[in-house]
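> here is a sequence with its predicted model. Questions after.
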Amino acid sequence: MRVIKKFLMKSLAKLSRKPKVKVSLKRLEGFIVDIGAGGEGVIAKTCGRNTVGVDINKGEIDEARSRGSLAHWVLCDACFMPFRNGSFDVATFFFSLMYIKTPKRKWAVFVEARRVLKSDGLLCLWDAIIREKPDLYVVFVEISLPDGEEIFTGYGVRGKEKEQNLELINKLAIEAGFKVTSAESHKNWFRACFH
Ligand SMILES: C[S@@+](CC[C@H](N)C(=O)[O-])C[C@H]1O[C@@H](n2cnc3c(N)ncnc32)[C@H](O)[C@@H]1O
């Protein structure tokens, strides 16, 4: 079934004029909270039992679980996470900020991520650059995991106030108390780390 989905996704991406992205992931060290973690559960797959996956949608958590995720899962809004201050070494957003629309909500999840991170904790994110304003934005993403597994998927989001780029994300993260550690912007996506 998974092979068929991968084949269909690849064919759809080839035929489509939608943005395409290739991301290579390395394993992250420490206790990790992955925010907007459901669906493919990419970070949970990469980092396994050290990951707490947070998602607001039970269906997305169930989907990640059905893919054999070893992570611990918590159903909640990332603006109000049920964790103590300074619980995690790393917080991640993997193509999930695009689902948290409006700069105000993105800023609120950064503030909450800062709270649950240790003082020397790291925030790492990967996300789509969204320039156009059509109602439905879709990006196809090919992901290489450290164990050699390849995931091919599509992420789509509808509605207003979904435009985002690295400059906006840096600004919001800085306003939430982070400092930029590294950042790179590509044609259709960006990656950034903060401490
Ligand atoms: C489709 S996933 C993105 C990719 C996912 N990280 C993966 O590995 O496949 C985006 C997720 O963010 C979740 N999400 C959106 N807003 C959220 C919020 N306020 N708090 C927690 N999760 C949220 C959605 O339910 C969705 O499952």
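Received the coordinates, thanks.

> next one: stretch 42-53 to chain centre, how far?
Centre-to-centre, stretch 42-53 and its host chain are 12 Å apart (Cα atoms, centre = their mean, to the nearest Å).

> that should have said stretch 83-95, apologies.
12 Å.

> same thing with stretch 157-169?
14 Å.

> V33 pairs with what?
Beta bridges link V33 to V52, A91 when assigned by DSSP bridges.

> ok, now how distant is it from S185?
Distance of V33 to S185, computed by Cβ to Cβ, to the nearest Å: 25 Å. In short, each C-beta sits where N, CA and C put it, glycine included.

> what count of nearby residues applies to the nearest residue to V111 once chain neighbours are set aside?
With Cβ to Cβ, 6 or more residues apart in numbering as the criterion, V111 has its nearest non-adjacent residue at 4.6 Å, and that residue is A176. By the criterion of other Cβ atoms under 10 Å, A176 has 19 neighbours.

> close to the ligand, is stretch 142-151?
No. Contact of stretch 142-151 with the ligand (Cβ under 6 Å from any ligand atom) is absent, the minimum separation being 8.2 Å.

> V157: what's it in contact with?
V157 sits next to M98, Y99, K101, I130, L136, Y137 when contact means Cβ atoms under 8 Å, 6 or more residues apart in numbering.

> kindly recompute the last result at 6 Å.
M98, Y99, Y137 (Cβ atoms under 6 Å, 6 or more residues apart in numbering).

> buried ones in the host helix or strand of the last one, by neighbour count?
Here Y137 is covered by strand 136-144, with elements defined by DSSP states H and E. By neighbour count, and taking 16 or more other Cβ atoms under 10 Å as the criterion, the buried residues in strand 136-144 are Y137, V138, V139, F140, V141, E142, I143.

> the ligand contacts on this structure?
36-42, 54-57, 60, 77-79, 94-96, 99-100, 155.

> among the buried residues of strand 136-144, pick out the one closest to G86, please.
Of all the buried residues of strand 136-144, G86 sits closest to I143, with 29.8 Å by Cβ to Cβ.

> hang on, that closest one packs against I151?
Yes. Contact criterion Cβ atoms under 6 Å: I143 and I151 qualify, at 4.4 Å.

> does the residue nearest to V74 when sequence neighbours are not counted belong to a helix or a strand, and which?
Nearest residue to V74 in three dimensions, chain neighbours excluded: V54, at 5.1 Å (Cβ to Cβ, 6+ apart). Assigned by DSSP H and E, V54 belongs to strand 51-55.

> so which elements touch that strand?
The contact analysis (3 or more Cβ pairs under 6 Å, 6 or more residues apart in numbering; DSSP states H and E) places strand 51-55 against strand 32-35, strand 72-75.

> now with 10 Å?
Applying 3 or more Cβ pairs under 10 Å, 6 or more residues apart in numbering; DSSP states H and E, one finds that strand 51-55 contacts strand 32-35, helix 42-47, helix 58-66, strand 72-75, strand 88-94, helix 103-116.
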